[in-house]
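A.B. asks: turn this into a model:
(chains A and B)
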Amino acid sequence: MTLLKVKNVKKTYTTRFGGMQVQALKGVDMEVNEGEYVAIMGESGSGKSTLLNILAALDKPTQGEVLLNGKSLTDISEKEISAFRRKHLGFVFQDFNLLDNFTLKDNIFLPLVLSGEHYEEMERKLFPLARELGIGGILEKYPYEVSGGQKQRCAVARAVITSPSLVLADEPTGALDSKSADELLTLLERVNQTGRTIIMVTHSAKAASFAKRVLFIKDGRVYHQVYKGSKTNEEMYQNISNILTVMATGGVGHEK
Amino acid sequence: MRSRFFVSMAAGNIKKNAKMYVPYLLACTFTTAMFYIITSLSWNKDLKKMPVGADEIQILLSLGTGIVAFFALVFLFYINSFLMKRRKKEFGLFNILGMEKRHIGRIIAWESILTAASSMVVGLFFGVLLDKLMFLILLNIFQAEDVALGFHVSWKAAAQTAILFGVLYLLLYVDARRQIHLAKPIELLRSQNQGEKEPKARWAAAFLGVACLLGGYYISVTSTNPLAAFGLFFLAVILVIVGTYLFFLAGSVAWLKLLKKKKSYYYKANHFISVSGMIYRMKQNAVGLANICILSTMVLVMLSSTLSLHFGIKEALNEKYPREMTVACDEKNMEQNKQFQVIQEILNKEKVEKKNYIGYSYLGFSAVRDKDEFQVKRDEWKMPDLRKVSNLFFITLDDYNKNNDTKETLEKDEIFIYGNQKPYREKSLHIFEDTFQIKEELNAFQGDALMASNVASSYFIVVEDQEILADLYEKQKAAYGKEASEIKNYMAFDMTGEQEEKDRVYETLKIKLEETGVGNVDFKDAAYDSFLSLYSGFLFIGIFLSILFVMAAILIIYYKQITEGYEDKERYEIMQKVGLGEREVKRAINSQILTVFFLPLIMAAVHIVFAFPIIKRLLATLYLTDTKLYMTCTVGCFAVFALIYVLIYKITARTYYSIVKR
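C.D. replies: Numbering: from 1, shown residues only, chains lettered A, B, ... in the order given. So this is what the prediction gives:
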């Protein structure tokens, strides 16, 4: 079943002075089914962050449409947008974005509190999740007291505690050492296996190799895609690396 | 070339940090101007030419100079610390880009020089302009118009100002260098986003703070003796100041922690964000809040008391001098009849008649009351006894009946008694070896205000005849030796006639009785001038310092809002990313700022309410007993101050939004 549908999305930025126009997205089409784990790859400036921002309803496309569960994101009013994002989307950021003035537990509770849930209800939701993510022992600590990997695991907990339709991860391993990164990727894989849909933006081939499908974006367009199928992570990694090399050396007639 | 580079770099820095730097420059300029003005006024030659009270006001002004100088030191350091904290990242970047610490030092030096030069030039310019205005205001308060006005620049004051602020900027510079020197570049870069640990709730400190506050309040509320109140006042002030700091430092955190523990309260969208935000920054905030609270309290107390003194001057005068003329001579220098004759002769000569005459002889001395006994041995007094010190005034039944037009009678061992502060409430009275029975407790006494102001608790005692009075006189003479009192003949009256005639009566009486050392002569009109100069001096200093303190409070609030804005920006961005709506952001910010902002004002109001009793008593020592007037002044001052406060809140809150808003 199709969860997310992106139809011919274009995004044009106009510089503040004069009419210099930059086309970040030149018409992106993609679909994501429920339960999928999709990685979006591309170099800096390829437009992948713009795409993620549009998927996250943080930004609006100049043209085209994004449908989540058949509902168009562009139709949601400014007033409802925050509540919508809280309910339907979960976020994991590169720099964790945990608040220093909350304990990790309170950080995870934040979206629930904003939705006005009762404390008992929140506790009930947190308990199994904390065990799944292996953060049960550090819940009362503050973000500055724990390691990056632990922080990111808490951020994942915050993203999924609301049971969102879609989890968006923006370079989730970008600020982690390789060991923590591997742990987190395994964790995200498990999160996906419990039925949650994940879209991850990354430029690490290693991170992408954990996904079920990898989309490559170049110069504002979907350039290529690879399904993992029955490949192992190592095979997938090799596959991705080859495509990246081709992209970087700039063959193939997609350009011009 | 090189120094040009540093200068332009320094100027660029100041321009770039305008939001932080402009208010600082304004504060420096303003403080400079204020210091120049008060220094110049304290040396003003024209002020010395004022008919009366020039000395008093100039003593007050030079006291004010000291206060302003001290204030400038504390205040500029405080504001500068905000600046330094924000700018460390910038310096760290310079450092990493290859600038050595001594180069950064040179930039800071140039910045200091630019700040010092501009604020001093502009400050002195406005100082000279406003000096004139302040002088006119001062004269106006004094109701003196006949002083020649000369527009002048006091070079001495300017030099004094330059030296003080020069040293101040040098100290600020040295402090900045020290901070840069001690820090590692990476620390400089990160100093702003170091995760501040959540403060622990220090219950002991919180309780101590509350105890200090309650102690201060208790002293104020229970103070009865204005003389003792004077010393106690400072104790109360210190207790309240310490209490306020502790309360804000520890008490607020403890209180917020309690809120946080209440899960049903804490996990609500509004409270969740605001309570955690407040706990997080309470430590850095507490000092600022306490400062604002204390400054507000000082402004309110100063303004309301000096204003009510100013407005209540007539009442105060009547309190001290119920009659126009008061003449009191020692019996041993001049007998009662002789004194009466002398006065009458002078009045006759000027063809002035006396009205509302009262006259009696009295013996007055102080003693320590212990239930129904009065002790007179001074060396046996202990310090706490100061509160029990009472003034005793003895007069004869004869004088009493004459003045009150009554025909009361007394036995030899009987007395009438009247207490000016509270009733005596005992059956008998022991003094020396004598015991008197109280025949009746009077509830009014005509001579009440005449013999003593309401400063100390006084008892007016009517004894049966002159013999007893003489006996008491001998006994207190034996007890007090050199410090013993004399029996005085007291005469007071109003006069008919023209002002000049009255003035002449006063002059003649003074020559006849006062300058020969026979006694004292007080003339209400003459006293008015010295009252006026004293009270006006208070008022001027009160207003002057209030302006300064209000400015300080405004700036502290402004800097708090701005630095908090920068700190909160990131937090609100994150919260918006995980689904906090714009409306909720505003609501959360409002609930947080409102609490933090109005906490000091509410606290100041509480301070004022509890300070009321003791200040009322202190004002009584200055002969102001009109409680209603003081209350009106206090309420009025508070209303105006609160209005200004709300205005500042609006302005700074807008700045805050504009920073936090994405």
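A.B. asks: can we go C-alpha only for contacts and neighbour counts from here?
C.D. replies: Will do.
A.B. asks: ok, residue 23 - how many residues close by?
C.D. replies: You didn't pick a chain, so chain A it is. 16 (other Cα atoms under 10 Å in any protein chain shown).
A.B. asks: oops, chain B please
C.D. replies: Close neighbours of residue B:23, defined as other Cα under 10 Å, add up to 15.
A.B. asks: lowest-confidence helix or strand of the chain?
C.D. replies: Went with chain A since none was named. In chain A, the helix or strand scored least confidently by mean pLDDT, DSSP states H and E is helix A:78-88, which has a mean of 83.
A.B. asks: you answered for a different chain; I wanted chain B.
C.D. replies: Among the helical and strand segments of chain B, the one scoring lowest on mean pLDDT, DSSP H and E is helix B:448-451, with a mean of 51.
A.B. asks: any idea which helix or strand comes after it?
C.D. replies: Moving toward the C-terminus from helix B:448-451, the first helix or strand encountered (DSSP states H and E) is strand B:457-463.
A.B. asks: which stretches of the stretch 351-500 of chain B have low pLDDT?
C.D. replies: By pLDDT under 70, the low-scoring segments of the stretch 351-500 of chain B are B:377-387, B:446-456.
A.B. asks: who are the neighbours in contact with whatever residue of the stretch 251-400 of chain B ends up closest to chain A?
C.D. replies: With Cα to the nearest Cα as the measure, residue B:269 is the residue of the stretch 251-400 of chain B nearest to chain A, at 4.9 Å. Neighbouring residues of residue B:269 by Cα atoms under 8 Å, 6 or more residues apart in numbering or on different chains: A:113, A:114, A:115, A:116.
A.B. asks: close to chain B, is whatever helix or strand the first one lives in?
C.D. replies: Read it as residue A:113. Under the criterion of DSSP H and E, residue A:113 resides in helix A:104-114. Yes. Counting by Cα under 8 Å from any Cα of the partner chain, contacts between helix A:104-114 and chain B involve A:111, A:113, A:114.
A.B. asks: now render these as a markdown table, adding distance to residue A:80.
C.D. replies: Formatted as a markdown table, the entries for those read as follows, by distance: Cα to Cα, whole Å:
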| residue | distance to residue A:80 |
| --- | --- |
| A:111 | 15 |
| A:113 | 17 |
| A:114 | 13 |
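A.B. asks: Throw those residues into a markdown table and include neighbour count, thanks.
C.D. replies: Shown next, in a markdown table, are those (neighbours: other Cα atoms under 10 Å in any protein chain shown):
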| residue | neighbour count |
| --- | --- |
| A:111 | 25 |
| A:113 | 22 |
| A:114 | 23 |
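A.B. asks: and the helix or strand residue B:277 falls within with helix A:104-114, angle?
C.D. replies: Residue B:277 belongs to helix B:269-311 when elements are defined using DSSP H and E. Using axes from the mean of the first three to the mean of the last three Cα atoms, to 10 degrees, the inter-axis angle of helix B:269-311 relative to helix A:104-114 is 90 degrees.
A.B. asks: next secondary structure element downstream of helix B:269-311?
C.D. replies: helix B:313-320.
A.B. asks: for that next one, buried residues please.
C.D. replies: Judged by neighbour count (16 or more other Cα atoms under 10 Å in any protein chain shown), helix B:313-320 contains these buried residues: B:313, B:315, B:316, B:317, B:318, B:319, B:320.
A.B. asks: now it: mean pLDDT?
C.D. replies: In this model, helix B:313-320 has a mean pLDDT of 78.
A.B. asks: quick check: angle from it to helix B:269-311?
C.D. replies: Between helix B:313-320 and helix B:269-311, the angle formed by their directions is 60 degrees, by the same axes, to 10 degrees.
A.B. asks: tell me which helix or strand comes right after helix B:313-320.
C.D. replies: Where DSSP H and E defines the elements, the next helix or strand beyond helix B:313-320 is strand B:325-330.
A.B. asks: sheet-wise, list the partners of that next one with their directions.
C.D. replies: Strand pairing for strand B:325-330, determined by DSSP bridges: strand B:487-495 (antiparallel), strand B:519-523 (antiparallel).
A.B. asks: rebuild the ones you listed as CSV, extending it with mean neighbour count.
C.D. replies: Putting the strands paired with strand B:325-330 into CSV (neighbours: other Cα under 10 Å) gives the following:
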stretch, mean neighbour count
strand B:487-495, 21
strand B:519-523, 20
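A.B. asks: so for residue B:660, which of these sits nearest?
C.D. replies: Distances from residue B:660 to each of the strands paired with strand B:325-330 were compared using Cα to Cα; the shortest belongs to strand B:519-523, at 66.0 Å.
A.B. asks: what's the closest of the contacts of residue B:269 to residue B:577?
C.D. replies: Each of these was scored against residue B:577 by Cα to Cα, and residue A:114 proved nearest at 12.3 Å.
A.B. asks: mind checking pLDDT for the residue of the stretch 251-400 of chain B closest to chain A?
C.D. replies: On pLDDT, residue B:269 comes in at 79.
A.B. asks: so how far is residue B:211 from it?
C.D. replies: Separation of residue B:269 from residue B:211 (Cα to Cα, to the nearest Å) stands at 34 Å.
A.B. asks: stretch A:91-108: how far from the chain's middle?
C.D. replies: Mean-position distance between stretch A:91-108 and its chain equals 16 Å (Cα atoms, centre = their mean, to the nearest Å).
A.B. asks: for the nearest residue to residue B:310 once chain neighbours are set aside, give me its contacts.
C.D. replies: In space, residue B:310 comes closest to residue B:535 once its chain neighbours are excluded; the distance is 5.9 Å by Cα to Cα, 6 or more residues apart in numbering or on different chains. Applying Cα under 8 Å, 6+ apart, one finds that residue B:535 lies in contact with B:306, B:309, B:310, B:313.
A.B. asks: just the buried residues of these.
C.D. replies: Burial by neighbour count, 16+ other Cα under 10 Å: within the contacts of residue B:535 this picks out B:306, B:309, B:310, B:313.
A.B. asks: low-scoring stretches of chain A, by residue?
C.D. replies: A:16-19, A:250-256.
A.B. asks: next, the buried residues of stretch A:80-98.
C.D. replies: Under the neighbour-count criterion of 16+ other Cα under 10 Å, stretch A:80-98 has A:81-83, A:85-98 buried.
A.B. asks: okay, how far is it across that stretch, tip to tip?
C.D. replies: Its start and end residues considered, stretch A:80-98 measures 24 Å (Cα to Cα).
A.B. asks: can you tell me what sits against that stretch?
C.D. replies: Taking Cα under 8 Å, 6+ apart as the criterion, the residues outside stretch A:80-98 that touch it are A:56-57, A:104, A:107, A:111, A:115, A:143, A:151-152, A:155-156, A:158-160, A:162-175, B:574, B:576-581.
A.B. asks: residue numbers of the stretch 51-200 of chain A in contact with chain B?
C.D. replies: With the criterion set to Cα under 8 Å from any Cα, the stretch 51-200 of chain A comes near chain B through A:58, A:79, A:81-86, A:90-91, A:97-102, A:111, A:113-116, A:118-119, A:144.
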